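> I'll drop the sequence and a predicted model, then ask my questions.
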Amino acid sequence: MLSRRAFLRNSTTGLGSLALAHLAGAAPRQPHFPPKAKNVIFLCMTGAPSQLDLFDYKPKLKELNGQKVPQSLIEGERFAFLSGQPSLLGTPFEFKRRGQSGHWISEMLPHTARVADDLSFIYSLKTDQFNHTPAELMLFTGHFRPGRPSMGAWVTYGLGSESSELPGFVVLQSGRAGRCGSSCIGSGFLPTHYQGVQFRSGGDPVLSLSNPEGMSGALRRASLDTLKELNEAKLESCGDPEIATRIQAFEMAYRMQASVPELMDISKEPASVQNLYGTQPGRKTFSNNALLARRLVERGVRFVMLTHGEWDHHGGPRINLVKHFPEICREVDQGSAALIADLKQRGLLDSTLVIWGGEFGRTPMLQGSASEPLVGRDHHRSFAMWMAGGGIKPGVQYGATDELGYKVVDGAATVHDLQATILHALGIEHTKLTFRFQGRDYRITDVHGEVIRKLLA
Amino acid sequence: MTILRVAALASAALLCPAADFEREVFPIFQRACSGCHGPKTQMARLRVDSRATFLAGGQSGPAIKAGDSANSLLTARLTGAAGVPPMPPGGKLGDEEIRRIREWIDAGAIWPDHVGVTNAEIRRHWAYIAPKRPAQSGIDTLIRARLAAEGLSPSPEAAKETLLRRVSLDLTGLPPTLAEIDAFLEARSPDAYEKQVDRLLASPRFGERWAQWWLDLARYADTNGYESDEPRSIWPWRDWVINAFNRNMPFDRFTIEQIAGDLLPGATEDQIIATGFHRNTLINSEAGSKDDEFRDAAVKDRLETTATVWLGTTIGCAQCHNHKYDPFTQKDYYRLYAFFNSTAESSIQIDQELKVFRGDREELDRRRAAYAPLAKLLDTPSPELDSAQQLWEQDMRARLPMMEQSWTKLGSTQEQQVEFAAARPISGLRLSAAAELEIEAWTSADLKQQEELLASQPAWGDWHMAGPFEAANQEEAHRTAYAPERGVTLDASWKKRADLPDGAFYQLDGYNCSVYLYRTVTAKQAQRIRVGLGSAQGVKLFLNGRQIFATGALEELKPEDGLLDLDLSAGVNHLLLKYTNGPGYYRYYFKRFVGLDRKVKPIEVSQDRRILRFEPAIAPGTLRFGFRQKPREAVTVDASSMTAGDIAGYLRMPAGIAAIVRKTERTPEEQRQLAQHYRWNSPLLADVRLRHDRLKKEADEYFDRHAVSTLVMKELEKPRETHVQNRGNFLDLKERVEPGPPAILPQLPGGAPANRLALAQWLVSPQNPLTARVIANHLWRAIFGAGLVKTGEDFGAQGERPSHPELLDLLAVELMEDRWDFKNFVKKIVMSETYRQSSHADSTRLAKDPDNRLLSRGPRFRLAGEAIRDVTLASAGLLSARIGGPSVFPPMPASVFENLFIEGGIQSWKVSEGEDRYRRGMYTFYKRAAVYPTFMTFDAPERNVCTVERPRSNTPLQALTTLNDEAFVEAARALAARLEGAASRDRLTHGFRIVTARRPSEKELAALEALLEKSAAQYRSDPAAAKKMTAGGDPALAPWVVVSNVLLNLDEALTKE
């Protein structure tokens, strides 16, 4: 039998690499098949934007504006707020065909219209949840009850991270927050290493990143050296490989103390880039976050989630399509389009999948009375999104709703199908990305999910 | 059919040697087929490792036709005939192998008895057979038997201080004090260790430590979950758990009271509190949510949690279809569902709370005793009362029809007028409404008077808004006096805002900024007016250039707390408001109180009946109703008015009594009830009753003042029907089912009703093969880091088999035989030599037993987040010893709330003062949408669902937390300040011992000393840094804070060793 000391000496490198592997995510892992995309940026429009006022153009709905919705269409349906026989609401905004692809995009998103040819649209998404929180959970975790890992956690679990200085899954938030708190970015039953780490615009970008006041960087380094020395002595005497992992974790923490502030400082980006995004350094804006998303992807972060609300335009003085909808469209339009253009120009769009959308859609029916000028729409279970970049064929229009934009009539795709498609772009076979918990193999697509092949490049 | 086939096989057996199958055919099945059609998985429901299942075939029918391989399904599948690709999918079998199989079929398909597994074994997975006491006894004997078989030997006993720290952490969750360590080191008696164990078992910390373990299983949290994630009060249940462990409540009682305490005969308050276990389910109050949907989700969670915690069974798989691997059907799932389907609570709002008295019981008893004699008097019949009752009954019979008038629907619009044509003043109206309401009721006279009052009111100018004025942060924005505070001129920087509501919240724009709102108030004469102010963040009010009112920069102001009286001068007054925001959201609220307030709070009579009482009475005529909030359900009002007497009678006339009054023939019991009701309402005893009511009211108020509420289970009188749900969809119902355990397990004893109580008793009955094993395994895991069955949540076919099956059975049997004595059970484990081994690992042990499943050494693993906080605070000498009570709010960075949708943000986290800053981690307010970040980082679950085992990750974010988080830095300062000793080395040794329980080696001491000197040198050259590092304490301690910070971050500090 080897002495303990000899064993440890012989396997120092072994323990070191074991430790790295334990810092789950530090090592990239192989996908199931050659991927098109390496990274994902999900632009989450929480509160559910109106597809009928942005992308899914319905001239017939405009023509029938103000008329009652046919009873046959809504028979037996449950809505969050609508009852009786509500009136139809045509979009108050102008739509145009854009670029070579001829995508319909409304006047609310002029910047997005300019990158139309890089985008592909799904008009036929369906969810079975019509309340925000369950629907957000459905979209981001595949299940309407909280407790499951989020998409970003699944992807990082499946592929690992390519950064040794940053977490694999980063979340940036602007505007009003989404409704499911940490549940939509959490790691559920996966180890917390895979949870989305919030990079914040105010205070420490990552909680506890700064040394306590009065401790210089040099002193932190000195104290970490001492800690390492003591922990190494312990490792030698007791042999528990977890100690090696812990030593590595403290070292990575130290590296993060430098790399995260450097990352968050966008002020050094050239003016042309700042203008492209419309950034306002020092503020908490979507444009700033869009630029940060590009910087994160450049540094090997696997999954970036940008959330921006509130898109819940029910109508009435507080939140309506007349005043608040144009405002929030302005907040996200330039940054979204700039991100596509910037990624493309840097050759990163081919390896980065970008998704834009909310947790469900909005009804073709008006919520509130017809005499109400501040119009809005109720929650609706069919909706639209756009996708672009890695793994996605540009210029595709997939699926369709009926002429009123009420029912999906072609290419119905569930939220699980969307998830399967995103994973596919990353080289992951969604049925194989599983984790055993409480005795069951869980996956984000639950027992469902079909890849939407027509969207694939 | 089956009999015939067996007979055919038996006769064929005479013709052909059996060895052919066993040697040449069965191995092919094992190698090529059993991966998908074997013991673990039976795709297409085919299983090939047992004669019975093989012959029965799968979903396509029998696999073979004995004697006829050409027409056997198996042949077609193996050769790929009929257009189906050949089996196995990985690559067709060789021709020779297929030939052998076909020959075997043609020869009669003889399968000898001894080949493969028997039918009985398949039906009865090990976990569904009751545990039996094994031949060998004793934890150590059974562990060592396996070690010997694997060529390993046990490790020697751990060093005494290491052992004491380990057992202290396991039994109390806290490290030993130096005094305790020294006493143990000095103790020489053979039972010294056992004495320590007994001391720790008796410590009130024992209950806390084991409650901490139970709270993850019970998914305990202090908020509702989902969007709004509002606070709830259920901590009295958490305290019940602590108490139960401290009193060593037997685990079977512990089970029964939590599942069904409310259904026990003569249930005590404590037993009802215990049912909070299953009220830890989520509540979704997002507007537009439907109760049926979220109630269904809660019921499913309850049955799945029960199955996980007690049965180690993944019954959730059977929600949509029969379980794929275990013998549970979809019907079994809904039979369990039925047990939980008949409770009264809502799942979209908080209700069914029990009020629990926590004040001075003697005082309460004294107050209650004061009115008891009066109650007795009211209960005593007399001839005089009897005759008065006759007259009252006649009168009531005449009035009763009035109480059944037609009702007017108030509909769901927010305002509605109803005509009341009563001849006399109206003292009250009856409403039917299920939910609590706030109603305004205005008479025509009120409206007229209001108009007059308005005329004498000052004239209010329009709101104008300036800003946002931005700042670096919220405090600065709140503090800085921007231009408007120096006087307002309505220039271009001001925008008219006629849209701001009065008396309602309104969202304002901007982050880290302030906005100003300005309006004039012109009074005819000097007068005092009342306004209401509210805000989500900092707000200030200035009148005529003078600051009248201000909150803190981060403070929330509720409208009911923001009532201000303003003294107006005659003429134009200038009113200026300043609202400040940080990184979140902020809202305006301002209300002018003008004239009359006609808010009426209806009195609840029964679940769906309320009374609007008017004091004084109002004149009949038109009443205009308004709802503060749109009611969830239609409200109707009885257009016939009530007098004060009617109200008293109505309030005091339960529905049952009204029915008895109407009857002409009554049973003696009805007669007695009626007489009693009369005495308690008779004018003859009015003054006794008044005195009684006053004293009772006082006692009740005393009770309320000292009561806390907690969520509990309550069974409906009439159970709901339960149906199998098609694919788990609660709107798509199939056949009806009755409550009952899964068919594979022992059934309920006959006779008793099949309710939650029966289920609870069944769980812990000696016939149940699962519960004792599952619980023993949970406890083993809590101490050793892994269960004997590693998949503690799954004892089914997909779970791992026990590493030491006999030991698991032994523990289960003894747990039951020992009447589920919890402390004894834990003691038995920690007294074992297996537990007391050193946790050091050498190369042999690491190679042969890398995860220590064989227990060739003692347990060694990282502590949970809460425990890391506890040991850190204990080492620092800061930890509060207070047990139980409402959850507390240790400091937390405001930015944690950035990702929350709900308004209020960090304001809802009112940082606790004093001792409550330093409570044990388990008392930290558990907010599901934003779990306290330190715990979250160390793998704490959100507690939305039952968690059997937390992952134990090891990450850089954890390192940042223990290095830099405010609580940990504060602990380092406190530890630095408590170090004693003349020389540096003594103090370093003292600190090292506090944190690790052991003495440092010479090398360790030297390393710490070097750091101390380096730090001291740096702080000598930078005294300002020393001041900051010690946060106002003695700056000379700064180098010691650095060293303490290192000590608290040692792997050994964060680990149970």
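Cool, got the structure.
> from here on, contacts and neighbour counts on C-alpha atoms
OK.
> Tell me how many other residues crowd residue 73.
No chain was given, so I picked chain A. Neighbour count for A:Leu73, taken as other Cα atoms under 10 Å in any protein chain shown: 10.
> my bad, chain B
17.
> shaky segments in chain A?
A:1-27, A:368-372, A:438 (pLDDT under 70).
> export the biggest helix by length in it as CSV, just CAs?
What stands out as the longest helix in chain A, according to DSSP state H, is helix A:241-264. Once non-C-alpha atoms are left out, helix A:241-264 reads as follows in CSV (Å, rounded to 0.1, in the frame of the first residue of the first chain):
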residue,chain,number,x,y,z
PRO,A,241,-10.5,15.4,-2.7
GLU,A,242,-13.2,17.9,-2.0
ILE,A,243,-10.5,20.0,-0.3
ALA,A,244,-8.7,20.3,-3.7
THR,A,245,-11.9,21.5,-5.2
ARG,A,246,-12.3,24.1,-2.5
ILE,A,247,-8.8,25.4,-3.1
GLN,A,248,-9.7,25.8,-6.8
ALA,A,249,-13.0,27.5,-5.9
PHE,A,250,-11.2,30.1,-3.8
GLU,A,251,-8.7,30.8,-6.6
MET,A,252,-11.5,31.2,-9.2
ALA,A,253,-13.3,33.6,-6.8
TYR,A,254,-10.1,35.6,-6.7
ARG,A,255,-10.0,35.7,-10.5
MET,A,256,-13.6,36.8,-10.7
GLN,A,257,-12.9,39.7,-8.5
ALA,A,258,-10.8,41.1,-11.4
SER,A,259,-12.7,39.7,-14.4
VAL,A,260,-16.2,40.7,-13.5
PRO,A,261,-15.6,44.5,-12.9
GLU,A,262,-13.6,44.5,-16.2
LEU,A,263,-16.5,42.9,-18.0
MET,A,264,-19.1,45.3,-16.6
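> Who are the contact partners of B:Lys92?
If a contact means Cα atoms under 8 Å, 6 or more residues apart in numbering or on different chains, then B:Lys92 has B:78-79, B:86 as its contacts.
> Over to B:Leu533?
B:Leu533 sits next to B:557-559, B:562-564, B:589-591 when contact means Cα under 8 Å, 6+ apart.
> Please pick the buried ones from these.
Among these, those classed as buried by 16 or more other Cα atoms under 10 Å in any protein chain shown are B:557, B:559, B:562-563, B:589-591.
> Please narrow those to those residing in strands.
Residues from those lying in strands, with DSSP state E as the criterion: B:563, B:589-591.
> Quick check: the farthest pair among the residues you listed?
Pairwise distances across those peak at 11.5 Å for B:Leu563 and B:Tyr589 (criterion: Cα to Cα).
> Identify the contacts common to those two.
By Cα under 8 Å, 6+ apart, the residues touching both B:Leu563 and B:Tyr589 are B:532-533.
> B:Ser427 belongs to a strand, doesn't it?
Yes. Under DSSP: H, G, I helix; E, B strand; the rest coil, B:Ser427 sits within a strand.
> So it sits against B:Ile618, correct?
Yes. Between B:Ser427 and B:Ile618 there is a contact under Cα atoms under 8 Å: 6.6 Å.
> Between those two, which is the more surrounded one?
With neighbours defined as other Cα under 10 Å, B:Ser427 and B:Ile618 compare such that B:Ser427 has more, 21 against 18.
> And B:Val888, how close does it get to B:Tyr918?
B:Val888 is 9 Å from B:Tyr918, where distance means Cα to Cα, to the nearest Å.
> go on, A:Leu426?
As judged by Cα to Cα, A:Leu426 and B:Tyr918 stand 46 Å apart.
> When B:Val888 and B:Tyr918 are compared, which one has more neighbours?
Just comparing B:Val888 and B:Tyr918: by other Cα under 10 Å the higher neighbour count belongs to B:Tyr918, 27 against 23.
> From the contacts of B:Lys92, list the buried ones, please.
Looks like those have B:78-79, B:86 buried, using 16+ other Cα under 10 Å.
> restrict the residues you listed to those near chain A?
Here nothing survives when these are matched to chain A using Cα under 8 Å from any Cα of the partner chain.
> which of these lies closest to chain A?
Among these, B:Pro86 lies closest to chain A (Cα to the nearest Cα), at 22.9 Å.
> So what's the residue count around the closest residue to the closest one other than its chain neighbours?
Spatially, and ignoring its direct neighbours in sequence, B:Pro86 is nearest to B:Gly80 (3.7 Å; Cα to Cα, 6 or more residues apart in numbering or on different chains). Neighbours of B:Gly80 under the rule other Cα under 10 Å: 15.
> Same question for B:Gly571.
14.
> That one and B:Ala455, how far apart?
From B:Gly571 to B:Ala455 the distance is 15 Å (Cα to Cα).
> who touches residue 260 in this structure?
Just going to use chain A. By Cα under 8 Å, 6+ apart, the neighbours of A:Val260 are A:166, A:205-206.
> My question was about chain B, not that one.
Contacts for B:Ala260 (Cα under 8 Å, 6+ apart) come out as B:275, B:756-757, B:760.
> Just give me the closest of those to chain A.
In terms of Cα to the nearest Cα, no member of the contacts of B:Ala260 lies closer to chain A than B:Ala760, at 21.5 Å.
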